[in-house]
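[1] Build me a model from this:
(2 chains)
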2 protein chains.
Amino acid sequence: MSETQRESWTGSGATAHHMDEGEFRRFGKEMIDWVADYLYGGVEKHPVQSRAAPGEVRSMLPGRPPREGEGFKDIISDLDRIVLPGLTHWQHPNWHGYFPANTSGPSILGDLVASGLGVQGMLWSTSPACTEVETLVMDWMAQALELPECYQSVPGPGGGVIQDTASSASFVTLLAARERATDWRSNREGLGAIDRRLVAYTSNQAHSSIAKAMKMAGMGEDQLRLVGVDDGHRMDPSALEECIRRDLADGHLPCYVCATLGTTSSVAIDPVREIAEITDAHGIWLHVDGAFAGAAAICPEYRGMHEGLELADSYTFNPHKWLFTNFDCNCLWLRDREPLVRTLTVMPEYLRNEASESGRVIDYRDWQVPLGRRFRALKLWFVMRFYGIEGLQALIRHHVELASHFERLVEEHPSLELSTPRNLTLTCFHHQDGDAATEELLKAVNATGDAYLSHTRLGDGDGGDRFVIRVSIGQSRIEREHVDRAFELIAREADRLSRR
Amino acid sequence: MSETQRESWTGSGATAHHMDEGEFRRFGKEMIDWVADYLYGGVEKHPVQSRAAPGEVRSMLPGRPPREGEGFKDIISDLDRIVLPGLTHWQHPNWHGYFPANTSGPSILGDLVASGLGVQGMLWSTSPACTEVETLVMDWMAQALELPECYQSVPGPGGGVIQDTASSASFVTLLAARERATDWRSNREGLGAIDRRLVAYTSNQAHSSIAKAMKMAGMGEDQLRLVGVDDGHRMDPSALEECIRRDLADGHLPCYVCATLGTTSSVAIDPVREIAEITDAHGIWLHVDGAFAGAAAICPEYRGMHEGLELADSYTFNPHKWLFTNFDCNCLWLRDREPLVRTLTVMPEYLRNEASESGRVIDYRDWQVPLGRRFRALKLWFVMRFYGIEGLQALIRHHVELASHFERLVEEHPSLELSTPRNLTLTCFHHQDGDAATEELLKAVNATGDAYLSHTRLGDGDGGDRFVIRVSIGQSRIEREHVDRAFELIAREADRLSRR
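    Below is the predicted model of the structure:
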């Protein structure tokens, strides 16, 4: 149906307050151009890091909402005038902070369709395609990453689901682990009624979301054991085993281990096979968090990190970091979905329906914290189809090559030192003059507005730790010239510091 | 910057796999037209409820992801051919199931901008405008609803935040209540280390997310007290008080009460003032869940339900239900934000930054389960500005009038009976011949594809309960003709049943 075949919709009475059809088409196309202007070049005209002071953005906006509606043009003009200068631009090719949150045309358009359809996928029955496309695309992704077959929903008993973030994926798997370990008693009676304290394990390099998950799950942050790491910042399996034995001897109930593929500080890859053999022997839930690095496994040469995943219970990674799918899009797979569903299900009368009761469908509300859910699978489906596996592989390899190029530049510079060998696209380095110089270097580079870098602390090999700069590469449109420009900035500021 | 002022971006090498600038502009505009075709008329050509059988959608799609990228045209053609018939259409004007999840032009375009900008608002420093526009728009909404001033972030200590759903809002406030009641001991030591069992309260008509939150928080579903209701399905404050006294006598630790403004089954409004006086006297956290009905308070005539909110600790409602803002957009306000932030904060080195440490900014990651966050405030900001308070009021009133018209039609029909008086836009009714007839009526109407209704069970006043049909009104473009058409269908099927 096209615009010319029928009259354009305009409301009458109260519905005249809606944007009418002609306006939606016109403003919609203007916004597409606005986004295109921004993503395909405009973003590079802004300083990467916003220079706004606390309260500055708010102070430019009216303190009270408008009584009468405003024209759409006025809204857009505030976007340009007030919002853009207040942003730190994650889509700038010289965004090297934290990890990428890269996006792409197909993803944005998939998300647009999801916004327009406005369906709720809480139950299969509330929109079958919303569930079935998600289940399919999660199976596709499992195949694309060559995950062990047990994680696919067909034939089951595994399966995948899209969550908002890896934090949520870790949290819900911790809940399932807690319940499995207590035979679902804590779900009913609460942890206050259970004598032995549940304990969980992750490395001292793991993401803070694990500690947060422990708190939320009522298990207490003190019951999370932060296992030591080797020189490469990878979890030490013998330290894990020792820790579990000690806890068992003390009457604790170990229920969950989280291994990391790509730690936030240095993209260290925990040895999953060795960890999985320990958790398997003790019947402990093993969750593997590949939030960032997991995307690399789209290329066969990086799939070694999956070794042993067939012994894990759950695996997660974020296409919204490094796979051209805009936030939010986290993939979580379960080797067996039943413990998770059993943990999170609640069935009130108003949600009862034949399809659910037949047991033949997946109701994703039972796999997550919220009840409602958006058709997030569309954007991932669009991305996988538009790029194909080969397109995604080419881009991942391109980013790793750029990072390798950057690493060489750092190695060759007289006052900079690698803090640890580069992992995938993350290079950690410091100034040879020590923490104060490194911190000053970071500030100086970020102050230019031409690139954005972040920091962490890493063990210096002598029992101390060191302030290090993290340079992450992976924004969608990054080319070699951007990397060279970032390095020039860094080198210039480093030289200035050394000359003082 | 317009397309003509510079050359259009196309990638080279690996980046040639991206959608190039010209394609994005072209396909983007096609998708805007596609969404316009759907929302402004096209949706009405589909049966409201999908007729897909389990597995049918999936069976029409390839079992494996493509190796090479596909053309965008092919993706769109599958949307029309496979996805649309597999959807249940929540944006159809004759969508009367559950509650509305209505959307609008300004909201869709705000969401498009958020997808395009792709910024992360986890910390103030990661994109100041993302946080400040959200804080502002939450203050605007608090003003628009005339919430007690304590809920605004300026001057504090209250404040608002956008969550994905009311389920998450209930969960995080339950966590804050749990921690406040245990002086933050359970966050550290876990509930297994705490002797007295924590208990929480809500009515037996409250949303299932409260029971789910209890399970997730490690407090146990058995420790949730489902308080009795009056004839209008509203929580009975004397029953609540009695229950709290009994628990205290038994050595329990009451920590949380959730009152509902607009229950799912019948949109019953709990008496907040009377409940708040009880929780205030006992120092119990009072959370008020106005997920659906809260939107009505945009009109002064419905603000009576807020009476006593100044004694509550937190309040939530969903613009993504009945305020023309597409999912996900839940508003949560705290009277004092400190207990929530203290409960959810974890600060690893890689997230440390001067702004956070100055204490002068809000870091919304400490208000929610996930770390990452999308710029969701944009769509709500667009909606409030485009409609203005008056536009939103006019539409809310229009929907209530339509529901009142529908209620009269039911009352006048010889074989239909109201199950409880209409509340706002929800009418619950049944067939006079009993549950089997009502259930058959529901199925018959939904099978026509011309309208979609859902069901629940409600007390029949004689100690039993009854299967009732819920007719919810509130899709963005609904007009009187849609309501009349839905009623005609219902009446036709009801008559057919009565004649047998």
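
[2] these two touch, right, A:Val267 and A:Leu424?
    Yes - using C-beta atoms under 8 Å, A:Val267 is in contact with A:Leu424, at 5.4 Å. (Each C-beta comes from the backbone N, C-alpha and C, glycine too.)

[3] Now for those two: what residues contact both?
    A:Ala293 (C-beta atoms under 8 Å, 6 or more residues apart in numbering or on different chains).

[4] what ranges do the strands span in chain A?
    Per DSSP state E, chain A carries strands over the ranges A:95-96, A:159-163, A:198-203, A:224-227, A:253-260, A:285-289, A:314-317, A:330-334, A:416-423, A:426-431, A:452-459, A:465-472.

[5] Point out the most buried one among those.
    strand A:95-96 (a mean of 31; mean count of other C-beta atoms under 10 Å in any protein chain shown).

[6] Poorly predicted segments of the stretch 101-250 of chain A, please.
    For the stretch 101-250 of chain A, no stretch is flagged by pLDDT under 70.

[7] related to what we said a few turns ago, so A:Val267 and A:Leu424 - more neighbours on which side?
    A:Val267 (26 against 23; other C-beta atoms under 10 Å in any protein chain shown).

[8] need the contact list for that one.
    With C-beta under 8 Å, 6+ apart, A:Val267 has these contacts: A:292-293, A:423-426.

[9] Who are the contact partners of whatever residue of chain A ends up closest to chain B?
    As assessed by C-beta to the nearest C-beta, chain B sits closest to A:Gly218 within chain A, at 2.3 Å. Residues near A:Gly218 by C-beta under 8 Å, 6+ apart: A:186, A:190-191, B:178, B:186, B:190-191, B:217-219.

[10] same thing but at 6 Å, please
    A:Gly218 makes contact with A:191, B:186, B:191, B:217-218, according to C-beta atoms under 6 Å, 6 or more residues apart in numbering or on different chains.

[11] ditto for A:Ala206
    A:258, A:260.

[12] In JSON lines: the contacts of A:Val267, plus pLDDT.
    As requested, the contacts of A:Val267 are exported to JSON lines (pLDDT from 0 to 100):
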{"residue": "A:Phe292", "pLDDT": "97"}
{"residue": "A:Ala293", "pLDDT": "98"}
{"residue": "A:Asn423", "pLDDT": "97"}
{"residue": "A:Leu424", "pLDDT": "98"}
{"residue": "A:Thr425", "pLDDT": "98"}
{"residue": "A:Leu426", "pLDDT": "98"}
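
[13] Can you report how many residues lie near A:Asp250?
    Neighbour number of A:Asp250 under other C-beta under 10 Å is 10.

[14] Next one: it from A:Thr165, what distance?
    33 Å (C-beta to C-beta, to the nearest Å).

[15] Ok, A:Thr10 next?
    40 Å.

[16] Show me which of the two is the more surrounded one.
    A:Thr165 (25 against 14).

[17] which phi and psi does that one have?
    Per-residue torsions, A:Thr165: phi -150, psi 170 (degrees, to the nearest 10).

[18] who touches A:Arg373 in this structure?
    A:121-122.

[19] Residues of the stretch 251-400 of chain A that sit close to chain B?
    Residues of the stretch 251-400 of chain A lying near chain B by C-beta under 6 Å from any C-beta of the partner chain: A:264, A:326-327, A:346, A:348-350, A:360-361, A:369-372, A:374, A:382, A:384-391, A:394-395, A:398.

[20] Just the buried residues of those.
    A:264, A:326-327, A:346, A:348, A:350, A:361, A:369-372, A:374, A:382, A:384-389, A:391, A:394-395, A:398 (16 or more other C-beta atoms under 10 Å in any protein chain shown).

[21] now, among the contacts of A:Gly218, which is nearest to B:Ala52?
    B:Ala217 (36.5 Å; C-beta to C-beta).

[22] Roughly how far does the residue lying closest to A:Gly461 once chain neighbours are set aside sit from B:Leu117?
    In this structure, A:Gly461 finds its nearest non-sequential neighbour in A:Asp231, 6.8 Å apart by C-beta to C-beta, 6 or more residues apart in numbering or on different chains. Distance check for A:Asp231 against B:Leu117: by C-beta to C-beta, it reads 40 Å.

[23] Ok, A:Asp495 next?
    From A:Asp495 to B:Leu117 the distance is 35 Å (C-beta to C-beta).

[24] Please say which of the two ends up with more neighbours.
    B:Leu117 (26 against 12).

[25] Pretty sure A:Pro128 is one of the things A:Gly121 touches, is it not?
    No - applying C-beta atoms under 6 Å as the test, A:Gly121 and A:Pro128 come out as separate, 9.1 Å apart.

[26] mind listing what the most centrally placed residue in chain A touches?
    Central residue of chain A (C-alpha atoms, centre = their mean): A:Asn318, 4.1 Å from the mean position. Applying C-beta under 6 Å, 6+ apart, we find A:Asn318 in contact with A:166, A:291, A:330.

[27] What sits closest to the first one if chain neighbours are left out?
    Going back to what we said before, that points to A:Ala166. A:Ala166 sits nearest to A:Ala291 (C-beta to C-beta, 6+ apart), 3.9 Å away.

[28] residues near that neighbour, how many?
    There are 29 residues near A:Ala291, going by other C-beta under 10 Å.

[29] Quick check, pLDDT for it.
    If you check A:Ala291, the pLDDT there is 97.

[30] Check A:Glu3 too.
    On the pLDDT scale, A:Glu3 gets 41.

[31] now swap in A:Gly464 and tell me
    For A:Gly464, pLDDT reads 82.

[32] Pull the number of nearby residues for it.
    Neighbours of A:Gly464 under the rule other C-beta under 10 Å: 9.

[33] can you check A:Glu70 too?
    Neighbour tally, A:Glu70, other C-beta under 10 Å: 16.

[34] Can you name the residues of the stretch 401-500 of chain A that neighbour chain B?
    A:456-457.

[35] Which residue is the nearest non-sequential neighbour of A:Ala200?
    Distances taken as C-beta to C-beta, 6+ apart put A:Tyr256 closest to A:Ala200, at 4.0 Å, once the chain neighbours are dropped.

[36] tell me the domain boundaries of chain A?
    Domain segmentation of chain A under automatic domain parsing yields A:19-102, A:119-374, A:392-499.

[37] Just the endpoints, please. Distance across the last one?
    Right, domain A:392-499. 43 Å (C-alpha to C-alpha, to the nearest Å).

[38] And for the shortest one?
    According to C-alpha to C-alpha, domain A:19-102 extends 31 Å from its N-terminal end residue to its C-terminal end residue.

[39] Mind checking if that domain is in reach of chain B?
    Yes - on the criterion C-beta under 6 Å from any C-beta, domain A:19-102 is in touch with chain B at A:19, A:21, A:24-25, A:28-29, A:31-32, A:35-37, A:40, A:42, A:50, A:52, A:54, A:57-58, A:61, A:64-70, A:75, A:83, A:86-88, A:90-91, A:101.

[40] thinking again about what came up before, next, work out how far apart the residue of chain A closest to chain B and B:Gln223 are.
    11 Å.

[41] and what of A:Thr456?
    A:Thr456 is 40 Å from B:Gln223, by C-beta to C-beta.

[42] Can you convert the contacts of A:Val267 into CSV and add a column each for distance to B:Cys299?
    Output for those, formatted as CSV (distance: C-beta to C-beta, whole Å):
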residue, distance to B:Cys299
A:Phe292, 47
A:Ala293, 51
A:Asn423, 56
A:Leu424, 54
A:Thr425, 53
A:Leu426, 53
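
[43] Cool, thanks, talk later.
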